[in-house]
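Q: Starting from these lines, generate the structure:
(one chain, ligands or ions: 2)
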Amino acid sequence: MSSQSLPLPVLDFSKFKSNPAVFIDQIKEALCSTGFFYLKNHDVPKEAIQQLFQRSKEFFQLELEVKSEMPITPSNEGYTGPGVEILDPKLGLDSKEAFNFKFNPQAGPPKLPAALAKQEDELVEFYKTCHSQCLEILRALAMTLEIPEKEGGANHFTDKHDINQKSGSVLRMLHYFPLTEAVNEDIRAGAHTDYGSLTLLFQNGISGLQILNRAAKGESDEWLDAPCLEDAIIVNIGDLMQFWTNGLFKSTKHRVVFHPEQKQSSRYSIAFFCHPNDSVSLDPISSPLIVNIHEKPQINAAMHLEQRLQATYGNYEKAI
Ligand SMILES: O=C(O)CCC(=O)C(=O)O
Ligand SMILES: [Fe+2]
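A: Ligands and ions are numbered 1, 2, ... in the order given. Predicted coordinates for the structure are as follows:
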């Protein structure tokens, strides 16, 4: 696939080290327009991604009783089965299942069902790698925003995303079911924005992600296909980054659809949702690029996440 036909820019993370001024300009451009970009030459090893996709397939092939040994908790850890999540209330239930894994070095060993116990080290390693990749991107964002030194400068966001603090960060393995008559016509995950600061999305050969075209002027929504690009991950910002930048950086709606030729296939993806420490406020930050601040949200990161999760798990009692 040529990058001309892609709806998102392809950024090369190695440039952040070799030519940071160019990289931070590109990241600004991407975040002020769609809030999404592909990232190649990133720090998450290819083998680790392939291995986690393999683990994910093995896990989701298990019997429902085995997979649901650890049903999703109010702190957003564990398994959600079919018929639980609603990302877009207009559409109803998403045709997927997922397993959420959280890790905080200060909180002791992570919680895992027996079926994943042997994979603890791999999951912890993957989580830590994703977290530190996010810190690097957050450093680039702080540089782009020219945050003053007295507000932490390039470390402004990294200080707010301490892996040792309680946060909503979560590593999520997703499995979308092949189409059967029982599921929504062609939407696998309803339109939504992400709830946190930053998301890393790993796809595995089967595309389906679509991003709302913000430039379209028509009455109805227009969606852009964001196909899988070999060796690149998709990075997007979530609502919190939009709050902090007073709307300068865009948290854009996206969804997952069935393409006709893929209706009979399962689709697997992995997302790392990076969230700040629970107590971090959502007030716009100090930056010469952020102006005309009218409203300040009166909530912190933990309160915001709770509100969003309650809406998503409208059917929550079915999950437990
Ligand atoms: O599975 C995908 O490709 C996207 C998933 C997603 O957007 C989400 O879970 O927030
Ligand atoms: Fe999402």
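Q: Please make it C-alpha for all contacts and neighbour counts, starting now.
A: Fine.
Q: got any ranges where this structure has weak pLDDT?
A: Along the chain, segments meeting pLDDT under 70 span 1-5, 83-94, 180-185, 294-297, 313-320.
Q: Grab the longest helix from it for me.
A: Of all the segments of type helix in the chain, defined by DSSP state H, the longest one is helix 120-144.
Q: Residue numbers of the stretch 101-250 of the chain in contact with ligand 1?
A: Selection of the stretch 101-250 of the chain residues close to ligand 1 by CA under 6 Å from any ligand atom yields 194, 209.
Q: can you rerun that using 5 Å?
A: Neighbours of ligand 1 within the stretch 101-250 of the chain, by CA under 5 Å from any ligand atom: none found.
Q: Next, count neighbours for residue 152.
A: 13 (other CA atoms under 10 Å).
Q: Let me see the contact set for it.
A: Each residue near residue 152 by CA atoms under 8 Å, 6 or more residues apart in numbering is listed here: residue 159.
Q: One more: the one 5 residues further on?
A: When contacts are counted by CA under 8 Å, 6+ apart, residue 157 touches 135, 138, 139, 142.
Q: Which among those count as buried?
A: With burial judged by 16 or more other CA atoms under 10 Å, the buried subset of the contacts of residue 157 is 135, 138, 139, 142.
Q: List the buried residues of stretch 252-261.
A: Buried residues in stretch 252-261, defined by neighbour count with 16+ other CA under 10 Å: 252, 253, 254, 255, 256, 257, 258.
Q: Please apply the same query to stretch 44-55.
A: 44, 49, 52, 53, 55.
Q: out of these, who's nearest ligand 1?
A: The nearest member of these to ligand 1, counting by CA to the nearest ligand atom, is residue 53 at 12.5 Å.
Q: Looks like that closest one contacts residue 268 (just checking).
A: Yes - with contact defined as CA atoms under 8 Å, residue 53 counts as touching residue 268 (7.3 Å).
Q: Residues in contact with both of the two, list them for me.
A: Counting by CA under 8 Å, 6+ apart, the shared contacts of residue 53 and residue 268 are residue 204.
Q: Now render the buried residues of stretch 44-55 as a markdown table, adding distance to residue 209.
A: Listed next are those as a markdown table, based on distance: CA to CA, whole Å:
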| residue | distance to residue 209 |
| --- | --- |
| 44 | 21 |
| 49 | 18 |
| 52 | 20 |
| 53 | 17 |
| 55 | 22 |
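Q: Neighbours of residue 285, how many?
A: When neighbours are counted by other CA under 10 Å, residue 285 comes out with 20.
Q: er, residue 247 I mean
A: The burial count for residue 247: 17, using other CA under 10 Å.
Q: need the contact list for whichever residue of the stretch 101-250 of the chain sits closest to ligand 1.
A: Relative to ligand 1, the nearest point of the stretch 101-250 of the chain is residue 209 (5.0 Å; CA to the nearest ligand atom). The contact partners of residue 209, by CA under 8 Å, 6+ apart, come to 225, 226, 227, 254, 255, 256, 257.
Q: Could you tell me the phi and psi values at the second one?
A: Residue 226 adopts backbone torsions of phi -120, psi 80, taken as degrees, to the nearest 10.
Q: same deal with the fifth one?
A: With angles defined as degrees, to the nearest 10, residue 255 shows backbone torsions of phi -160, psi 170.
Q: how far does stretch 255-264 stretch from start to finish?
A: 19 Å (CA to CA, to the nearest Å).
Q: So that stretch, near ligand 1 or not?
A: No - Stretch 255-264 does not reach ligand 1 (CA under 5 Å from any ligand atom); its nearest approach is 6.0 Å.
Q: Now tell me what touches that stretch from outside.
A: 178-179, 186-192, 206, 208-211.
Q: one more time with 10 Å
A: Outside of stretch 255-264, the residues within contact range by CA atoms under 10 Å, 6 or more residues apart in numbering are 87-88, 94, 176-180, 184-193, 206-212, 223, 225-226, 265-267.
Q: swap in stretch 140-147?
A: For stretch 140-147, using CA under 10 Å, 6+ apart, the contacting residues are 16, 20-21, 23-29, 31, 134-139, 148, 152-158, 241, 245, 248-249, 285-290.
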